[in-house]
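1. Build me a model:
(one chain, ligands or ions: 1)
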Amino acid sequence: MIDYASLSERFKALYGGDPRLFRAPGRVNLIGEHTDYNGGFVLPIAIDLEAVVAISPRTDTLVRIHAANFDEDGEFDFSQPFVGTPGHWSNLPEGMARVLQGTGAKLSGADMMIIADVPGGAGLSSSAAVCVAVGLALTEISDAPIDRIELAKAAQQTEHDYAGAKVGIMDQFVSAHAEPGHALLLDCRSLEYDHVPFLLADNVLVICDTNVKHELAASAYNTRRAECEEAVQLLRADQPDITQLRDVSFSDFERSCELLPSPIRSRARHVITENERTLAAAEALKKGDLHRFGQLMFRSHASLRDDYEVSCKELDVLVDAATELGALGSRMTGGGFGGSTVNLLKRSGLDNFCTHISQMYAARTGLQATIIITESRGGASEVGCD
Ligand code: GLA
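-> All right, here's what the predicted structure looks like:
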């Protein structure tokens, strides 16, 4: 947990003056994977881990940033063009500020200190948390508040323009909108959403981080996106009105799938069935049927592994081990090729699960997993004001 008081003290020691603090959470997606950029449905929750920005305004156009995780400083001036260093941490906060400025927000200069306990590369949206926290902080201290949907869109734009990742809207949206105790069912085309009660009763949600991130991740993500667009182009021969895989029902797909060569056919099948699973999972949650919810998680993993091919050995080892240990549900979460699994299990079996899954993972991969137990938390807010 981040110690807000000590962050304020560190800020005072570096810049002087009392800062305001803003936080934005990471997320774990319960189900609805690789559906967001296809206009489909996702069902994530915000987690305990977060990014926090301590900030105070300046009277000029300079923004000074201290990244507490790296103990490094950066700065930029709103009156000067973006320079940036490819791959450097400062591109995200600066990019977010520049994107917001580009939308017409009148932002003041600022001193800020950023700290995050969302692990990078774990599939838990550390960069979305940083972008949303920075955006909320800068707009609030500049008296230029923006709508939460615009905040999420600006954070997504930042990933596209300043990190080269053509991500969907899920991570930023849930970081900006989540309600504690609820999952967020988001229609990624209309951006309409529903807060679905996430009542665990005598169950618990456990994230297992593989602690690997394969090099392939970024390029494979963009390839999958392109394959989905190709599927839409080909299916339009039969269904001229469709614009995204979201528009294709499973029966339409079955009728027209001969139009799709391999592996485009299986990519499309994943997206179309995952949309159906996500809506079914939200219904199961509403009925408190966690058994059915868990079954849908397992099926989602199988589809991501076999049809979408974004899993990897380490993720499969964790899901297989969770299955052997009697989890109600288990699946990879996030983009894939490493990162984490999300698991639903009986609270009474928690200790046994944690001990054994770590041992099984180590024995089968030679690696250590990190176990994170989480509940569903609220979205971005000013600290002390939520
Ligand atoms: C990453 C992206 C999201 C989403 C997932 C896959 O986390 O940031 O937009 O596409 O992958 O569901």
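2. Could you list the contact residues of this structure toward the ligand?
-> Residues of the chain lying close to the ligand (CB under 6 Å from any ligand atom) are E33, H34, D36, Y37, V167, G168, M170, D171, G334, G335. Any C-beta I mention is one placed from the backbone N, CA and C, and that applies to glycine too.
3. Now a PyMOL select for only the buried ones of those residues.
-> Buried members of those, defined by 16 or more other CB atoms under 10 Å, are picked up in PyMOL with:
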select buried, resi 33+34+36+37+167+168+170+171+334+335
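4. Please identify the one among the residues of the chain next to the ligand that lies nearest to A116.
-> Of all the residues of the chain next to the ligand, D171 has the smallest distance to A116: 13.7 Å, by CB to CB.
5. Am I right that the closest one falls within a helix?
-> Yes. Checked against DSSP: H, G, I helix; E, B strand; the rest coil, D171 lies within a helix.
6. give the contact list for it.
-> Listed by CB atoms under 8 Å, 6 or more residues apart in numbering, the contact set of D171 reads R27, P44, S125, A128.
7. hmm, back to that, in helices, which of the residues of the chain next to the ligand fall?
-> M170, D171 (DSSP state H).
8. nearest spatial neighbour of A183, skipping sequence neighbours?
-> F198 (4.4 Å; CB to CB, 6 or more residues apart in numbering).
9. In terms of helices and strands, where is the closest residue to L328 other than its chain neighbours?
-> Distance criterion CB to CB, 6+ apart; nearest residue to L328, sequence neighbours excluded, is G294 at 3.3 Å. Here G294 sits within helix 290-306, counting by DSSP states H and E.
10. Give the other helices and strands that whichever helix or strand comes after that helix contacts.
-> Per DSSP H and E, the first helix or strand lying C-terminal to helix 290-306 is helix 313-324. Secondary-structure packing of helix 313-324 (3 or more CB pairs under 8 Å, 6 or more residues apart in numbering; DSSP states H and E): strand 203-213, helix 290-306, strand 329-333, strand 338-346, helix 350-365.
11. Could you rerun that using 6 Å?
-> Judged by 3 or more CB pairs under 6 Å, 6 or more residues apart in numbering; DSSP states H and E, the packing partners of helix 313-324 are strand 203-213, strand 329-333, strand 338-346, helix 350-365.
12. want to throw the ones you listed into JSON lines with mean pLDDT and mean neighbour count?
-> JSON lines is the format used below for these (pLDDT from 0 to 100; neighbours: other CB atoms under 10 Å):
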{"stretch": "strand 203-213", "mean pLDDT": "97", "mean neighbour count": "22"}
{"stretch": "strand 329-333", "mean pLDDT": "98", "mean neighbour count": "28"}
{"stretch": "strand 338-346", "mean pLDDT": "98", "mean neighbour count": "25"}
{"stretch": "helix 350-365", "mean pLDDT": "98", "mean neighbour count": "16"}
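13. mind putting those in CSV, distance to R246 included?
-> Listed next are those as CSV, based on distance: least, CB to CB, whole Å:
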stretch, distance to R246
strand 203-213, 27
strand 329-333, 21
strand 338-346, 23
helix 350-365, 35
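14. With respect to Q239, which of those lies nearest?
-> With CB to CB as the measure, strand 329-333 is the member of the helices and strands packed on helix 313-324 nearest Q239 (29.5 Å).
15. got a list of contacts for that closest one?
-> With contacts defined as CB atoms under 6 Å, 6 or more residues apart in numbering, strand 329-333 is touched by 28-29, 123, 294, 297-298, 300-301, 304, 311, 315, 319, 322, 340-344.
16. Sketch out the helices for the stretch 51-200 of the chain, chain order is fine.
-> With DSSP state H, counting those that start in this stretch as the criterion, the stretch 51-200 of the chain has helices at 91-102, 126-141, 148-162, 170-177.
17. Of those, which stretch is the most buried?
-> helix 170-177 (a mean of 29; mean count of other CB atoms under 10 Å).
18. Export that one to PDB, keeping only CA atoms.
-> Below are the C-alpha coordinates for helix 170-177, written out as PDB (Å, rounded to 0.1, in the frame of the first residue of the first chain):
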ATOM      1  CA  MET A 170     -10.800  -0.900 -21.300                       C
ATOM      2  CA  ASP A 171      -7.900  -0.100 -18.900                       C
ATOM      3  CA  GLN A 172      -8.200   3.700 -18.900                       C
ATOM      4  CA  PHE A 173     -11.900   3.500 -18.700                       C
ATOM      5  CA  VAL A 174     -12.100   1.300 -15.600                       C
ATOM      6  CA  SER A 175      -9.300   3.200 -13.900                       C
ATOM      7  CA  ALA A 176     -11.400   6.400 -14.300                       C
ATOM      8  CA  HIS A 177     -14.900   4.900 -13.600                       C
END
